[in-house]
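Starting from these lines, generate the structure:
(2 chains)
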Amino acid sequence: MTGVLPWYVAGPLIGLVVPLLLIVGGKVFGLSSNLRHLCAAVPLPSSLKPGFLRYDWARTGRWNLVFALGILLGGALASVVFGEPNAGAQISEATQSDLAALGLRDFSGLAPSQLFSMKSLVSPVGAVFVVLGGFFVGFGARYAGGCTSGHAISGLAALQMPSLVAVVGFFAGGLLVTHLLYPILLPVILR
Amino acid sequence: MTIITKDAPDFECIDVEQVPLAQQAPALEASNTGLALLAYLLIGVALGMLFVLSEVVSWYRIQEMFRFQSVHMYGIIGSAVVVAAASLQLIKRFDVRTLHGERIVVSPKQWGSSSLRGARYWLGGTIFGVGWGLIGACPGPMFALVGSGMGVMLAGIVAAMAGTWVYALVQHRLPH
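Presented below is the predicted three-dimensional model:
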């Protein structure tokens, strides 16, 4: 893969997903609901599940789970056909030097292997980035009632004030981690 | 058939869509037919490819965004919102129907009943943002990353499911 798909090509095409889903079946673009559907699909006796996870997920969630499966297959197809993007080498030099200053040495692939690998998963590094990060994404998305697709794209496109508030929150959280937590955390764990 | 059980509060959204059940029911039946599911699958495949080729699934790109060092992510989210918003206006103006002839209704997101106005949005949003900053991927890209061969993201999805589960356990005690 040489070069990244430019934003002015990718962005509008991603935006078209919103009317496509509406026209196919009146569906609103939002992917984090799938995390709830997956929880609801866990084969446990319903007495062990909170009410929020007791519903007919196969009826309400099937379309979205199939949609997510498509995204997974699309990710596989893109990687097989075009090769895994070398995102780390293509980001701005400013970001590269900022991250290098924090101790990041490996800029290959879509995510640094120093932080994201099966090996890191059983270390404190993996616990923070994958497990804690994933946990907050799941908890926060359901609490806020949507994620980047549901609030930042669908919600903002429908001019929803609650979504704007949620998106401000998304950025507040991300800026907090990037500018306050990373300067302390990364030099320690990447040493 | 009820989808929400009785102990879920009234203001709780049915889905991220917050679509009232009455409006969802007919569309639900139609959406579970083979052909409709194939359409959702194919739209997903296209989106997954776009996610990877534009690198929005990349932790590096998320860092670049939170450091304001490139227009890339802002351009993608911004132009996606503009195209989606224009589409919604056209759908409204020309009363475009679904393939099954139903009226297209996007329900407004509800402010909750908490005295902390909009608490679920700014508090939940900030918690989500902390996770986004760490793992460098939101739920959609997580699926695309698993597909592109980043096996460790499966653990990220399981962790996100755990977060969803804990939310389900404590939601009654949180301000919405």
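
So which residue of chain A lies furthest out from the middle?
residue A:47 (30.7 Å; C-alpha atoms, centre = their mean).

Double-check that that residue belongs to a helix.
Yes - secondary structure of residue A:47 (DSSP: H, G, I helix; E, B strand; the rest coil): part of a helix.

Could you list the low-confidence segments of chain B?
Along chain B, segments meeting pLDDT under 70 span B:1-28, B:30-31.

Dump the longest helix anywhere in it to CSV, restricted to CA.
Secondary structure of chain B per DSSP state H: the longest helix is helix B:72-93. The C-alpha coordinates for helix B:72-93 follow below in CSV (Å, rounded to 0.1, in the frame of the first residue of the first chain):
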residue,chain,number,x,y,z
HIS,B,72,-6.6,14.1,8.1
MET,B,73,-9.0,12.9,10.8
TYR,B,74,-10.8,16.2,11.1
GLY,B,75,-11.3,16.2,7.4
ILE,B,76,-12.7,12.7,7.4
ILE,B,77,-15.1,13.2,10.3
GLY,B,78,-16.0,16.7,9.1
SER,B,79,-16.7,15.8,5.5
ALA,B,80,-18.6,12.7,6.6
VAL,B,81,-20.8,14.8,8.7
VAL,B,82,-21.4,17.3,5.9
VAL,B,83,-22.4,14.6,3.4
ALA,B,84,-24.6,12.8,6.0
ALA,B,85,-26.3,16.1,7.0
ALA,B,86,-26.9,17.1,3.4
SER,B,87,-28.3,13.6,2.7
LEU,B,88,-30.7,13.9,5.7
GLN,B,89,-31.9,17.3,4.4
LEU,B,90,-32.6,15.8,0.9
ILE,B,91,-34.3,12.8,2.5
LYS,B,92,-36.6,15.2,4.4
ARG,B,93,-37.2,17.6,1.5
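
is chain A contacted by whatever helix or strand comes next after that helix?
Note on helix B:72-93: by DSSP states H and E, the next helix or strand toward the C-terminus is helix B:119-135. Yes - contact of helix B:119-135 with chain A (C-beta under 8 Å from any C-beta of the partner chain) involves B:120-135. (Glycine included, C-beta is placed from N, CA and C.)

For chain A, just list every one of the helices.
Under DSSP H, chain A gives helices at A:7-25, A:33-41, A:57-60, A:62-82, A:87-90, A:93-101, A:118-121, A:124-126, A:133-144, A:156-157, A:161-176, A:182-189.

The worst-scoring helix or strand of chain A on mean pLDDT - contacts with which helices or strands?
Least confident helix or strand of chain A, by mean pLDDT, DSSP states H and E, is helix A:124-126 with a mean of 84. With contacts defined as 3 or more C-beta pairs under 8 Å, 6 or more residues apart in numbering or on different chains; DSSP states H and E, helix A:124-126 has no packing partner among the helices and strands.

which residue sits closest to residue B:122 in space, ignoring its chain neighbours?
residue A:169 (4.6 Å; C-beta to C-beta, 6 or more residues apart in numbering or on different chains).

Tell me which residues touch the closest residue to residue A:34 other than its chain neighbours, please.
Computed as C-beta to C-beta, 6+ apart, the closest residue to residue A:34 that is not its neighbour in sequence is residue A:68, at 4.8 Å. Counting by C-beta atoms under 8 Å, 6 or more residues apart in numbering or on different chains, residue A:68 touches A:31, A:34, B:44, B:140, B:143.

what's the closest of these to residue A:98?
residue B:140 (26.1 Å; C-beta to C-beta).

Please tell me how far the residue nearest to residue A:34 sits from residue A:138.
14 Å (C-beta to C-beta, to the nearest Å).

How about residue A:62?
20 Å.

again, but for residue A:124
Counting by C-beta to C-beta, the gap from residue A:124 to residue A:138 is 20 Å.

Looking at the two, which one has more neighbours?
residue A:138 (33 against 10; other C-beta atoms under 10 Å in any protein chain shown).

Would you confirm that the more buried one contacts residue B:158?
No - applying C-beta atoms under 8 Å, one finds residue A:138 not in contact with residue B:158, separated by 9.3 Å.

So for stretch A:90-101, what gets flagged as buried?
Using 16 or more other C-beta atoms under 10 Å in any protein chain shown as the test for burial, stretch A:90-101 gives A:90-91, A:95-96, A:98-99.

residues near residue A:48, how many?
Residue A:48: 9 neighbours (other C-beta under 10 Å).

let me fix that: residue A:174
Neighbour tally, residue A:174, other C-beta under 10 Å: 23.

Give me the phi and psi for residue A:145.
Main-chain torsions, residue A:145, degrees, to the nearest 10: phi 80, psi 20.

overlap between the buried residues of stretch A:90-101 and the residues near chain B?
When contact is defined as C-beta under 8 Å from any C-beta, the buried residues of stretch A:90-101 meet chain B at A:90-91, A:95, A:98-99.
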